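Asks: what follows is a predicted protein model with its sequence.
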Amino acid sequence: MANPDKAYNNLDFLNSSDARHIRVLCEFVEPKSRFRKLRVKDTIVFFGSARTLPPEEAEKQRQAAETEVERSGPLPELCVALERAERAVKHARYYGDARELAERLTHWSSQLPKSGHRFMICSGGGPGIMEAANRGAHGAGGKSVSLNISLPFEQAGNPYQTPELAFEFHYFFVRKFWFVYLAKGFVVFPGGFGTMDELFEVLTLIQTKKSAKRMPIVLYGKAYWEEVINFQALVEWGTISAEDLDLFQLCDSVDEAFTCLTGQLSELYLD
């Protein structure tokens, strides 16, 4: 009679509900081991929409939609498609800005004395703004961290990830832990529910001092943030304090965001 499998080789057990806590623990321990081995010290995290297209792709889709309207006439469904494509072109600006900012931050970090793997760009590893961040770091000749999550849609690993620093999570809360644990700064581009969730989790941790670190938070794209979230109304309703508005800074250009981040990071962690 053959010996039975050891528990840690029993995949049926490891994938069962009884072993859920073991799988959760693995998502804490395995990244920690890899970060330590690869000497990753801290990160600058980029959040933003997975739906943001690269400018060239957005323009290609706009031209195709416009051509279809010209050929078939202004049918309602074609006009809606053209409007959507034009909106994507407008939004694609943020892809280009995220890519440029990540590239400049990677160059800046590489020139710091004894920088090692300091202030490494970190993203969620998927398309859109996440891809732009990894792409910018890659374009600067640097490595970047990618904290992927298994989802039924929108989340497929982008081609600009650093393979040895690309992770795949099942549990959102563990993934968010790793976003914050190594972070020294955040840049939040326009995004949807996921981006809002990540932003407000970070703001809450800092506001309640559950995170002892001081971390600059840049909300990129004033028009978007000022329309989508009325932060001043939260103050006027008394649900946050006026000083809570100092937890983040609104920026609308790569130069402005770069100066904000590098200035605060230098003051907090380099001087």
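Replies: Noted; the coordinates are in hand.

Asks: contacts, neighbours, all on C-alpha from now
Replies: Will do.

Asks: show me where the protein has its strands.
Replies: 43-47, 120-123, 144-149, 166-169, 183-188, 217-220, 249-251 (DSSP state E).

Asks: what's the nearest residue to Ile22 if we skip its chain neighbours?
Replies: Excluding the flanking residues, the one nearest Ile22 by C-alpha to C-alpha, 6 or more residues apart in numbering is Leu14, at 7.6 Å.

Asks: got the confidence number for the one you found?
Replies: pLDDT for Leu14: 89.

Asks: next one: Ala64
Replies: pLDDT at Ala64 comes out at 84.

Asks: and for Glu68?
Replies: In this model, Glu68 carries a pLDDT of 76.

Asks: for it, give its distance to Pro74.
Replies: 9 Å (C-alpha to C-alpha, to the nearest Å).

Asks: of these two, who's got more company?
Replies: Using other C-alpha atoms under 10 Å, the more surrounded residue of Glu68 and Pro74 is Glu68, with 17 against 14.

Asks: ok, that one to Gln61 distance?
Replies: Glu68 sits 11 Å away from Gln61, taking C-alpha to C-alpha as the criterion.

Asks: repeat that for Val29.
Replies: 43 Å.

Asks: so between those two, which is more surrounded?
Replies: Gln61 (20 against 12).

Asks: just checking, that one touches Arg84?
Replies: No - at 9.6 Å, Gln61 does not count as touching Arg84 under the criterion of C-alpha atoms under 8 Å.

Asks: residue ranges with poor pLDDT in the chain?
Replies: Residue ranges of the chain with pLDDT under 70: 115-117, 153-155, 271.

Asks: ok, the spatially most central residue of it - contacts?
Replies: Nearest to the centroid of the C-alpha atoms of the chain, with distances taken as C-alpha atoms, centre = their mean, sits Phe47, at 2.8 Å. Contacts for Phe47 (C-alpha atoms under 8 Å, 6 or more residues apart in numbering) come out as Ser123, Gly124, Ile129, Met130, Phe186, Val187, Val188, Phe189, Gly191, Thr195, Glu198, Leu199.

Asks: Lys176: neighbouring residues, count only.
Replies: Lys176: 17 neighbours (other C-alpha under 10 Å).

Asks: quick check, it in contact with Glu198.
Replies: Yes - here Lys176 reaches Glu198: they are 7.4 Å apart, a contact under C-alpha under 8 Å.

Asks: okay, Glu30 and Ala92: tell me how far apart.
Replies: Where Ala92 is concerned, Glu30 sits at a distance of 35 Å (C-alpha to C-alpha).

Asks: neighbour count: these two, which is higher?
Replies: Using other C-alpha under 10 Å as the criterion, Glu30 and Ala92 rank with Ala92 on top: 23 against 11.

Asks: quick check: that one touching Pro54?
Replies: Yes - here Ala92 reaches Pro54: they are 5.7 Å apart, a contact under C-alpha under 8 Å.

Asks: check which residues of the lengthiest helix in the chain are buried.
Replies: Counting by DSSP state H, the longest helix found in the chain is helix 76-110. Within helix 76-110, the residues that count as buried by 16 or more other C-alpha atoms under 10 Å are 78-79, 81-82, 85-86, 88-89, 91-107, 109-110.

Asks: from Phe179, how far out is Glu201?
Replies: Distance from Glu201 to Phe179, by C-alpha to C-alpha: 11 Å.

Asks: which one of these two has more residues nearby?
Replies: Phe179 (25 against 14).

Asks: I'd assumed Val45 was in contact with that one.
Replies: Yes - applying C-alpha under 8 Å as the test, Phe179 and Val45 come out as touching, 6.9 Å apart.

Asks: what's the overlap in contacts for these two?
Replies: Cys122.

Asks: okay, now the closest residue in space to Leu82 that isn't next to it in sequence: neighbour count?
Replies: Spatial nearest neighbour of Leu82, excluding adjacent residues (C-alpha to C-alpha, 6+ apart): Ala65 at 5.1 Å. Ala65 sits with 21 neighbouring residues when counted by other C-alpha under 10 Å.
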